[in-house]
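Asks: just coords:
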């Protein structure tokens, strides 16, 4: 099974960039442009990882994370904050909200997959995905 990742960003360029990188690596990717759309998607799909911008319109990414971590259905799904808010203490605030990781923008396109892999590493799903991916010459 291919890991299923939800990417949330209100900037269409950033959303497309992250999704394109992940899709090129063979991940199954869903996208949302705000927290409300993301919450709706989590009600109908199971995700192995959530990447969320912090500075979303309406409900911000930290509030979304708190909601996901309080819900029995999504509390174990790793959430990584992806944000341009790289001020001192922002990573601590993200962690306090329940984020499992923190990636700053601009996204380093060469490092993104390596940055998220540890959050999928505990999943048996990733192990079977990697075995399949490697046995097909890296073509999922």
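Replies: Perfect, thanks for sending it. These numbers come from a predicted model, not from an experiment.
Asks: contacts, neighbours, all on C-alpha from now
Replies: Will do.
Asks: please point out which parts of stretch 16-31 sit buried.
Replies: Within stretch 16-31, the residues scored as buried using 16 or more other C-alpha atoms under 10 Å are 18-19, 22, 26-31.
Asks: out of those, which is nearest to residue 102?
Replies: Proximity of the buried residues of stretch 16-31 to residue 102 (C-alpha to C-alpha) peaks at residue 18, which lies at 14.5 Å.
Asks: coming back round to it: mind putting the buried residues of stretch 16-31 in a markdown table, distance to residue 87 included?
Replies: Converted to a markdown table, the buried residues of stretch 16-31 look like this (distance: C-alpha to C-alpha, whole Å):
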| residue | distance to residue 87 |
| --- | --- |
| 18 | 22 |
| 19 | 25 |
| 22 | 26 |
| 26 | 33 |
| 27 | 30 |
| 28 | 31 |
| 29 | 29 |
| 30 | 29 |
| 31 | 26 |
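Asks: spell out which two among these are the most distant pair, please.
Replies: 26 and 31 (15.2 Å).
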